[in-house]
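**Q** Just a sequence and a predicted model for now, questions to come.
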Amino acid sequence: MSDIQRTLVVLKPDTIGRSIVWEIISRFERAWLHVVAMKMVKPTKEFLYHHYENIGKMISRRGQKTFDMTLDMMTKLPVIAMVLEWVESVEFVRKIVWATEPKSAPAGTIRWDYAHMSFSYADGKSIWVPNLVHASWDLEEAKQEIPHWFNDNEIYSYDPLHSLFTR
């Protein structure tokens, strides 16, 4: 039987700057994912270093240049961090968001609908790939990322379907 999982989603500065926050959040909610924590923050480069390198190993995956551009972009505007919960939520959110490169995303995903850029184009222009959302890659990563972004007292547990209709 599948377990209820929690996953981290961060709406990046390009989502904030384009004023499409509620469009993105509504995609998750319409898919039955429940927001159990949410806050707007302006993370420091040190905080993001831990997130992207200590947890996500970005330097080894994409290189120092991409890592530096990501940290620079992620500190330009605030971000909105959320914890979403539902059955197999990590994999489910990844399907809604899709892969990091927007060009590779299939139609109907967040990155297809809102971001159209390839790694090769961005690399050729020495720019950051605007891909709107960070989502935990797998359950192990989610278990490391969530406590990095949220304290236990900032995460709520509730049964959204039944709690409103029972005494």
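**A** In hand now; what should we look at?
**Q** Check which residues of the one helix or strand residue 121 maps to are buried.
**A** Per DSSP states H and E: residue 121 is located in helix 119-125. Using 16 or more other C-beta atoms under 10 Å as the test for burial, helix 119-125 gives residue 122. Bear in mind the C-beta positions are built from the backbone N, C-alpha and C, glycine included.
**Q** now what about it, what contacts it?
**A** Surrounding helix 119-125, the residues in contact under the criterion C-beta atoms under 8 Å, 6 or more residues apart in numbering are 66, 101, 103, 128, 129.
**Q** go on, stretch 33-44?
**A** Defining contact as C-beta under 8 Å, 6+ apart, one finds that stretch 33-44 is touched by 6, 25, 28-29, 51, 74-75, 77-86, 89, 92-93, 150, 154-158, 160.
**Q** and residue 7, that one's in a helix?
**A** No - read with DSSP: H, G, I helix; E, B strand; the rest coil, residue 7 is strand and lies in no helix.
**Q** Tell me the bridge partners for it.
**A** With DSSP bridges as the criterion, residue 7 is bridged to residue 84.
**Q** Which residue ranges of the chain form helices?
**A** 13-17, 21-30, 45-49, 58-62, 64-74, 89-97, 110-114, 119-125, 139-149 (DSSP state H).
**Q** What count of nearby residues applies to residue 157?
**A** 9 (other C-beta atoms under 10 Å).
**Q** what sits against it?
**A** Taking C-beta under 8 Å, 6+ apart, we find residue 157 in contact with residue 36.
**Q** picking up where we left off before, for PyMOL, write the select line for the buried members of the contacts of stretch 33-44.
**A** This is how PyMOL selects the buried members of the contacts of stretch 33-44, with burial counted by 16+ other C-beta under 10 Å:
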select buried, resi 6+25+28+51+74+75+78+79+80+81+82+83+84+85+86+89+92+93+150+155
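**Q** And for the closest residue to residue 160 other than its chain neighbours, the neighbour number?
**A** Closest residue to residue 160 apart from its sequence neighbours, by C-beta to C-beta, 6 or more residues apart in numbering: residue 34 at 5.2 Å. Counted with other C-beta under 10 Å, the neighbours of residue 34 add up to 19.
**Q** Sweet, I'm off.
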